[in-house]
Each structure stands twice: as C-alpha cells, then as structure tokens.
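Undergrad: Give me coordinates for this.
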Amino acid sequence: MSRISMIKTPLYLVSIIPVIYAWIKTGFKNPFLFALIVVFALVSQLSMNIEMDSEDQKRGMKCFESEPLLNVGPCHMLLFKQNHLNVIRKSSLVLLLIIAVVVLAFTRMLVLLLYGLAGIVLMYAYLKKPLELYKRGVGEVSTFFDFGPILVLGSYTALGGGSLNSVLIPSLGFGLIASSIRYSHHIVEEAEGSRRKMFYPYAHALLLVLSSLTALSPLKAALLIPVVVLVSVYASRQRLKTWADLLYLVYFFTVISLL
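TA: Predicted coordinates:
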C-alpha cells in the first residue's frame with residue numbers, strides 16, 4: 001500500500017474544490033486569504049481522518065485498499081507511530097488556531113466564528129459520543145454540511161464575496177457530492193445484506209441527481225444529468241465507485257464555475 005493511498009490523498013479534493021469555487025465566485029479576491037483557507041480546510045480534514053482512523057482501530061477494523069490509491073480503515077495508525085500522531089494532532093490544532101486568528105484579523109468578520117463553530121460541532125457529532133454519526137450509518141449528514149454549505153459559504157464570506165444567494169444553492173451541490181463520495185468510499189466496509197449496502201445504488205443516485213439540480217441553469221443541469229446517470233450506473237456495478245464520484249466532483253465544479 002502506498003503512502004498516497006494510506007493518507008487517502010485523492011479524497012482531499014473534497015476540501016480543495018469548494019474553496020476554489022468560492023474564490024472564483026469572488027473574482028479571485030484576496031489570494032493570500034485563499035491560500036490560508038485552503039490550508040485550513042486540508043488540515044481540518046487531515047485531523048478528522050486521523051481521529052476517525054483512531055476510532056476505527058479501537059473497533060478492531062483493518063486498513064485495506066478499497067480502490068487504487070484509496071484505502072479504508074485505520075490507515076494513519078499504520079503509517080505513523082503513536083508519538084508522531086500525537087505531534088501531528090497538536091501541530092494541526094495549533095496551525096488551525098493560528099490561521100483562524102489571522103483570517104479574523106484580516107477580515108474583521110465575527111460571523112466567521114459561527115461558520116467555524118458550526119463546522120467543529122458537526123465534526124464532533126460525526127466522531128464522538130453521544131451522536132457518533134459515522135458509526136450510526138448517517139455520517140453523510142455531517143459530511144454534507146461540513147464540505148458543502150459551511151465550507152463554501154464560509155470561504156466566500158472570508159474572501160470578500162457579495163450576496164450569499166449566488167453561491168448558496170451550488171454549495172448544497174458540493175455537499176451532496178461530498179456525501180456521495182463518503183458513501184461510496186465506505187460502502188466496502190458494510191456487511192453483506194445491510195440496509196446501507198442494499199440501498200446504496202438508489203441513495204447514491206439520488207444524491208447525484210439532486211446535486212445536478214443545484215446548477216442554477218437549465219443548460220448546466222442538462223450537461224450534468226447525463227454524466228450523473230453514467231456515474232450512478234457505473235458505481236452501482238463496478239469497483240471504482242469513489243473514483244467515479246471524484247471525477248464527477250471535478251466535472252460538476254467545471255460546469256458550474258467555468259462554463
């Protein structure tokens with residue numbers, strides 16, 4: 001297993017692409033803040049992945065390759081020694097705090113604290129008791145908000161965007177696709193005959209269809225829907241489900257922001 005697959009590097013597109021979209025919609029304002037927000041999003045996802053892998057290890061799960069360059073299970077626990085993980089955890093928290101302070105100092109927007117607080121609450125609900133959403137089969141709820149509305153709207157606001165109305169609906173699309181990616185990535189861990197595995201083809205297709213309807217343009221929706229059908233059919237039958245979703249994420253971003 002390669003380091004790329006153990007760190008699950010391709011999945012970080014889920015953090016990067018929504019921030020790039022928000023930056024494009026502001027007219028490429030504040031490149032310095034944009035770079036800080038990208039780092040903040042990536043480090044947040046890394047911290048979340050490490051904590052989830054730690055919980056998976058406690059549950060006795062194994063790290064294995066689900067798709068090329070994509071592993072599931074407590075892979076960070078194998079890649080790093082425990083003392084190194086502790087250093088990464090503490091360093092990540094310090095870096096996130098520093099970036100948050102710098103962004104607040106530059107923007108002077110206290111509303112960003114609300115976005116940050118909402119993201120933290122949802123991450124906590126995803127990982128920790130009493131909710132532990134990812135263990136209850138509803139982790140996609142937290143994923144939807146953290147990598148959709150909160151990430152897009154928070155980034156857009158921090159970067160000096162205008163009315164949120166122009167990015168609100170598309171932000172839901174990013175959240176829906178992030179949820180489909182999470183669902184596809186973890187479906188291999190589900191037991192045969194489980195409800196999540198039985199309903200996967202239908203729930204996954206619904207997430208993608210709904211995402212195509214957030215394009216705010218009949219022409220863009222028309223460009224998205226045929227690809228949604230292809231990805232949905234492919235993911236329901238083939239192995240590279242997560243990769244299909246990641247490619248759709250890139251296509252969705254291209255259509256709604258560049259066309």
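Undergrad: longest single helix anywhere in this protein?
TA: Taking DSSP state H as the criterion, the chain has its longest helix at helix 31-58.
Undergrad: Only the buried residues of it, if you could.
TA: Going by neighbour count (16 or more other Cβ atoms under 10 Å), the buried part of helix 31-58 is 33-34, 36-38, 40-41, 43-57. For the C-beta atoms, the positions are set from N, CA and C on the backbone; glycine is no exception.
Undergrad: same question, stretch 252-259
TA: Within stretch 252-259, the residues that qualify as buried are Phe252, Phe253, Val255, Ile256, Ser257, counting by 16+ other Cβ under 10 Å.
Undergrad: swap in stretch 177-191?
TA: 177-189.
Undergrad: ok, and what's touching it?
TA: Stretch 177-191 is contacted by residues 11, 14, 61, 66, 70, 72-73, 139-141, 143-144, 146-148, 196-197, 200, 203-204, 207-208, 211, 235, 241-242, 244-246, 248-249, 252 when judged by Cβ atoms under 8 Å, 6 or more residues apart in numbering.
Undergrad: and if you look at stretch 119-138?
TA: 44, 48, 51-52, 55, 139, 141-143, 145-146, 150-151, 154, 195-196.
Undergrad: hmm, try it at 7 Å
TA: The contact list for stretch 119-138 (Cβ atoms under 7 Å, 6 or more residues apart in numbering) reads Met48, Glu51, Met52, Glu55, Gly139, Val141, Ser142, Phe145, Asp146, Ile150, Arg196.
Undergrad: from those, which single one is nearest Arg89?
TA: Checking the contacts of stretch 119-138 against Arg89 by Cβ to Cβ gives Glu51 as the nearest, at 8.1 Å.
Undergrad: ok, the nearest residue to that closest one once chain neighbours are set aside - how many residues close by?
TA: Closest residue to Glu51 apart from its sequence neighbours, by Cβ to Cβ, 6 or more residues apart in numbering: Leu127 at 5.2 Å. A count of nearby residues for Leu127, using other Cβ atoms under 10 Å, gives 19.
Undergrad: close enough to count as contact, Ile16 and Ile37?
TA: No - using Cβ atoms under 7 Å, Ile16 makes no contact with Ile37, being 10.1 Å away.
Undergrad: Make a PyMOL selection of whichever of the contacts of stretch 177-191 turn out to be buried.
TA: In PyMOL, a selection of the buried entries from those looks like this (16+ other Cβ under 10 Å):
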select buried, resi 11+14+66+70+72+73+139+140+141+143+144+146+147+148+196+200+204+207+208+211+235+241+242+244+245+246+248+249+252
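Undergrad: Tell me where the model's unsure across this protein.
TA: Within the chain, the stretches with pLDDT under 70 are 1.
Undergrad: just the helices in it please.
TA: Here the chain has its helices, by DSSP H, at 3-7, 13-25, 31-58, 75-79, 82-107, 111-127, 139-146, 149-158, 165-186, 195-212, 218-237, 241-258.
Undergrad: Make TSV from these and add distance to Leu133 to it.
TA: Shown next, in TSV, are the helices of the chain (distance: least, Cβ to Cβ, whole Å):
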stretch	distance to Leu133
helix 3-7	23
helix 13-25	17
helix 31-58	11
helix 75-79	20
helix 82-107	21
helix 111-127	5
helix 139-146	5
helix 149-158	15
helix 165-186	11
helix 195-212	13
helix 218-237	22
helix 241-258	19
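Undergrad: residue contacts, Glu55?
TA: If a contact means Cβ under 7 Å, 6+ apart, then Glu55 has Leu127 as its contacts.
Undergrad: mind checking how far it is from Ser180?
TA: 22 Å (Cβ to Cβ, to the nearest Å).
Undergrad: what's the answer for Ile17, then?
TA: Counting by Cβ to Cβ, the gap from Ile17 to Ser180 is 14 Å.
Undergrad: Might you report the residue contacts of Leu79?
TA: Arg3, Met6, Ile7.
Undergrad: So which of those residues wins on neighbours?
TA: Met6 leads the contacts of Leu79 on contacts (other Cβ under 10 Å) with 21 neighbours.
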